[in-house]
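Chemist: Curious how this folds, go ahead:
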Amino acid sequence: MGLLAIFVIGLIVALVVASPSFRSRDGFSDIPEGHPYQAGILDLSDRSIIDGYDDGSFRPDDPVIRQQFAKMIVKALDYPVSAGDLCPFGDVPKSVPGSYLDPSDRDYPDHYVAVCAAHGITVGTTSNTFAPYDSITHQQLITMLVRAVALADPPSDYTPPFSEDDFYPREHYLNARRAAHVGLLAGLQGMGPTYDFQADSTRGECAQILYNLLVWLEHGATELAFQL
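Modeler: Here you go, the predicted structure:
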């Protein structure tokens with residue numbers, strides 16, 4: 001394939017990816033009034049942390065991959081990101097200087113993953129891998145959230161509404177217990193004894209848990225009224 005053909009294909013891809021997303025005055029076309037994650041989705045959209053698609057939808061049930069959530073949580077915490085943030089994981093594709101798919105956001109996923117690693121939000125799947133294209137599971141999602149704000153242990157007599165047997169490794173259980181105690185898991189549909197912490201997280205769930213985090217931080221990082 002010649003250089004001209006590669007350039008043309010790259011330009012087409014850039015235009016498709018950079019197409020502006022659409023959200024009507026009333027929200028997204030597939031987030032009706034009463035949707036369980038409506039408040040979180042609209043709030044994060046208003047903060048420019050997440051957005052929908054150019055057909056006006058949000059697709060709340062679509063799975064989220066690990067590098068996508070890295071970007072979400074870094075934007076939610078408003079951490080600075082730059083091309084100077086170098087990713088320590090060898091399996092995360094590196095950005096190409098000067099080639100931006102989205103002119104409004106010149107930081108590639110590897111920069112966001114780099115910031116996550118620098119702040120201890122992720123330690124990767126191994127010392128050199130992040131598995132950027134794997135869907136992020138519920139337990140991984142919760143652990144990244146807890147690490148991001150260094151949540152303390154709840155009182156020893158606190159019992160969460162789920163079992164330690166639902167997690168592997170045990171670190172995820174301890175983090176979920178911390179998150180549940182201060183209300184960060186509130187609003188997640190099905191949360192309780194039968195919740196599948198190994199299942200893939202959806203866009204709606206990621207919006208809800210990040211919304212909970214922001215509300216918690218804005219309330220002075222105290223236990224919320226919707227403690228589990």
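Chemist: Contact partners for the residue nearest the centre of the chain?
Modeler: With distances taken as Cα atoms, centre = their mean, the residue of the chain nearest its centroid is Phe69 (2.8 Å). Applying Cβ atoms under 8 Å, 6 or more residues apart in numbering, we find Phe69 in contact with 136, 141, 144, 201, 206. For every residue, glycine as well, the C-beta is placed using N, CA and C.
Chemist: what's the pLDDT at it?
Modeler: pLDDT recorded at Phe69 is 97.
Chemist: what's the answer for Ile12, then?
Modeler: 33.
Chemist: ok, now the one 5 residues further on?
Modeler: With respect to pLDDT, Val17 has a value of 33.
Chemist: Over to Tyr108?
Modeler: Per the predicted model, pLDDT is 76 at Tyr108.
Chemist: what pLDDT does the nearest residue to it once chain neighbours are set aside get?
Modeler: Of all residues beyond its chain neighbours, the one nearest Tyr108 is Ser95 (3.5 Å), with distances taken as Cβ to Cβ, 6 or more residues apart in numbering. Among the per-residue scores, Ser95 holds a pLDDT of 80.
Chemist: Secondary structure element for the residue nearest to the centre of the chain, which one?
Modeler: For Phe69, the element it lies in under DSSP states H and E is helix 66-76.
Chemist: tell me which residues of the following helix or strand past that helix are tucked away?
Modeler: Sequence-wise, the next helix or strand downstream of helix 66-76 (DSSP H and E) is helix 109-118. Across helix 109-118, burial judged by 16 or more other Cβ atoms under 10 Å covers 109-117.
Chemist: same question, stretch 39-47
Modeler: So, applying 16+ other Cβ under 10 Å, buried residues of stretch 39-47: 40-45.
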